[in-house]
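# Pasting the sequence and the predicted model now:
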Amino acid sequence: MFTSEFLLVSSTFARLPWLAVLLGLGLMIAFGALALRLHGLAFGETAKQHQLPAWRLAPMALHLVLVAIAGIYLPASIIAWFRHVASLLG
């Protein structure tokens, strides 16, 4: 994520949290489209279309949801643990 996009999301989140969620979702979709295009550029087009069943994508989707939730809200106990570890590291 570029600095300008980070500043845009953080300032939007401070003023209108629900709008920041939509903005973040839009940025993730844009990044996914960019990665898809760069993949084709780097590795070329393939003649074979791979069709994955939905159940094989479930672990990746679950992980993505957990990371998104952690980015929005972390419990106080986890924050305290992170601060403790950071203090141990210096």
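Looks like it arrived, so ask away. Numbering: from 1, shown residues only.
# Which parts of this structure are helices?
In the chain, the helices defined using DSSP state H lie at 3-15, 17-43, 54-72, 76-89.
# Now do the third one against helix 76-89, angle only.
Computed with axes from the mean of the first three to the mean of the last three CA atoms, to 10 degrees, the direction of helix 54-72 lies at 70 degrees from that of helix 76-89.
# domain assignment for the protein?
Using automatic domain parsing, the domains assigned to the chain come out as 1-44, 55-90.
# Could you say which of those domains is packed most deeply?
domain 1-44 (a mean of 11; mean count of other CB atoms under 10 Å). In short, each C-beta sits where N, CA and C put it, glycine included.
# how far is that domain from where the chain is centred?
Taking CA atoms, centre = their mean, to the nearest Å, one finds the center of domain 1-44 at 8 Å from the center of the full chain.
# repeat for stretch 29-48
Taking mean C-alpha positions (CA atoms, centre = their mean), stretch 29-48 and its chain are 18 Å apart.
# cool, stretch 67-84 as well?
Computed by CA atoms, centre = their mean, the chain-centroid distance of stretch 67-84 equals 16 Å.
# ok, back up a step: lowest-confidence stretch among the domains of the chain?
Among those, domain 1-44 has the lowest mean pLDDT, at a mean of 80.
# Give me the contacts around stretch 4-21.
Stretch 4-21 is contacted from outside by 23, 24, 27, 72, using CB atoms under 8 Å, 6 or more residues apart in numbering.
# Torsion angles phi and psi at residue 51?
Backbone torsions of residue 51, given as degrees, to the nearest 10, read phi -110, psi 110.
# Look up how far residue 43 lies from it.
Remark: distance between residue 51 and residue 43 (CB to CB, to the nearest Å) = 18 Å.
# what do you get for residue 81?
40 Å.
# Repeat that for residue 53.
Applying CB to CB to residue 53 and residue 43 gives a distance of 23 Å.
# And for residue 17?
Distance, residue 17 to residue 43, using CB to CB: 39 Å.
# And the pLDDT at the residue of the chain most remote from its centre?
In the chain, the greatest distance from the average C-alpha position (CA atoms, centre = their mean) is reached by residue 47, at 29.8 Å. As predicted, residue 47 sits at a pLDDT of 72.
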